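In: any chance you can model this:
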Amino acid sequence: MDNRNIIIGLMVVIIAFLAFLAFRPMVYGPISTPSGVYQSWPMGTGMGPVVGPGMMQGPGYNYSLGPRMIGSGNVIGSGSMMGYADMMALYYSDAKPISSESALLSMKELARQYGPNVKVEDFMTFSSNYYAVLKDAKSGKGMAEVLVDRYSGLARPEPGPNMMWNTIFGAGRERSGGKSQAEAKILAEDFLVDFLPGAKVMETKAMPGYYTFDFGREDIEGMLSVNAYDREIWVHTWHGFYLGGHEGNMTS
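Out: Down below sits the predicted model:
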């Protein structure tokens, strides 16, 4: 009987330890270094710092996460199955954001991983990150949405719809009977009635497998995406406050 209790006790300890390893990464989030550089620690990996999406530490493409992230200096990225949405944002008081010019350079470098004829458009600045759409230069069609962390300079595919619904560069699956842009816009407008009363759709971005809409009242206040194959709506909560943008081709 004593041996049995010992075995049961050991099993409980082992299970508790494995549970700790599984859930420990959830308490980690972005932190900043004494120099003011914003860093993100892995959320969902539990294996220490990585330099690419999830467990991908070298160049190449990961079907569910897209091309590897690009950073500068000793910046460390965070990876998780659902993307790179930061759950905490801790900064030193003297932390300073990188310039929009530096962000564009990082986006152009990331764009080359998507192909030779890719242009960066719809560049926008938010308090947490810089945002842009990658488009095929020949067809003019949207390919992917990308971000550059405003404090670390880390460039990576945008989380959320871009990773989970994108039928070309994400985990999405193309199906027949997809919604038109007009139909998706109606769903977005109906959702905004209660989500942000008085807000309206201001711009539409057609992406593979979904549509992304800028919305706001007097000016842009946020983004949301509508799945092209069902009624799911995904609000882009990771941007922060909208600070301004530049329309058009940003590759020149």
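
In: quick check: end-to-end length of stretch 162-182?
Out: Distance across stretch 162-182, first residue to last, is 20 Å (CA to CA, to the nearest Å).

In: in it, which residues are buried?
Out: Asn162, Met163, Met164, Trp165, Asn166, Thr167, Phe169, Gly170, Ala171, Gly172, Gly178, Lys179 (16 or more other CB atoms under 10 Å). Where you see a C-beta, it was placed from the backbone N, CA and C, and this is true even at glycine.

In: surely the last one meets Glu232?
Out: Okay, so that is Lys179. No - Lys179 lies out of contact with Glu232 (CB atoms under 8 Å); the separation is 11.0 Å.

In: and for those two, which residues touch both?
Out: Residues touching both Lys179 and Glu232 by CB atoms under 8 Å, 6 or more residues apart in numbering: Val226.

In: sorry, back to before: mind putting the buried residues of stretch 162-182 into a markdown table with secondary structure?
Out: Formatted as a markdown table, these follow (DSSP: H, G, I helix; E, B strand; the rest coil):
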| residue | secondary structure |
| --- | --- |
| Asn162 | helix |
| Met163 | helix |
| Met164 | helix |
| Trp165 | coil |
| Asn166 | coil |
| Thr167 | coil |
| Phe169 | coil |
| Gly170 | coil |
| Ala171 | coil |
| Gly172 | coil |
| Gly178 | coil |
| Lys179 | coil |
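
In: out of these, which is nearest to Asn227?
Out: For the buried residues of stretch 162-182, the residue nearest Asn227 by CB to CB is Trp165; the value is 5.6 Å.

In: so where's the stretch 151-252 of the chain shaky on pLDDT?
Out: 246-252 (pLDDT under 70).

In: what ranges does it have for its helices?
Out: Ranges of helices in the stretch 151-252 of the chain, per DSSP state H, counting those that start in this stretch, are 161-164, 181-195.

In: out of the ones you listed, which is closest to Asn129?
Out: Nearest to Asn129 among the helices of the stretch 151-252 of the chain is helix 161-164 (12.8 Å), distances taken as CB to CB.

In: circling back to that earlier point, deepest of the helices of the stretch 151-252 of the chain, which one?
Out: Across those, averaging neighbours per residue (mean count of other CB atoms under 10 Å) puts helix 161-164 on top, at a mean of 26.

In: on contacts alone, who are the packing partners of that one?
Out: Using 3 or more CB pairs under 8 Å, 6 or more residues apart in numbering; DSSP states H and E, the elements in contact with helix 161-164 are strand 142-149.

In: the strand it packs on pairs with which strands, parallel or anti?
Out: If you go by DSSP bridges, strand 142-149 pairs up with strand 129-136 (antiparallel), strand 155-157 (antiparallel).

In: could you dump that strand to PDB, C-alpha only?
Out: C-alpha atoms of strand 142-149 as PDB (Å, rounded to 0.1, in the frame of the first residue of the first chain):
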ATOM      1  CA  GLY A 142      -3.100  41.700 -51.700                       C
ATOM      2  CA  MET A 143      -0.800  38.900 -50.500                       C
ATOM      3  CA  ALA A 144      -0.300  39.400 -46.800                       C
ATOM      4  CA  GLU A 145      -0.300  41.900 -44.000                       C
ATOM      5  CA  VAL A 146       2.900  42.600 -42.100                       C
ATOM      6  CA  LEU A 147       4.000  44.500 -38.900                       C
ATOM      7  CA  VAL A 148       7.100  46.000 -37.600                       C
ATOM      8  CA  ASP A 149       7.300  46.400 -33.800                       C
END
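
In: now that strand: average pLDDT?
Out: Per-residue pLDDT over strand 142-149 has a mean of 96.
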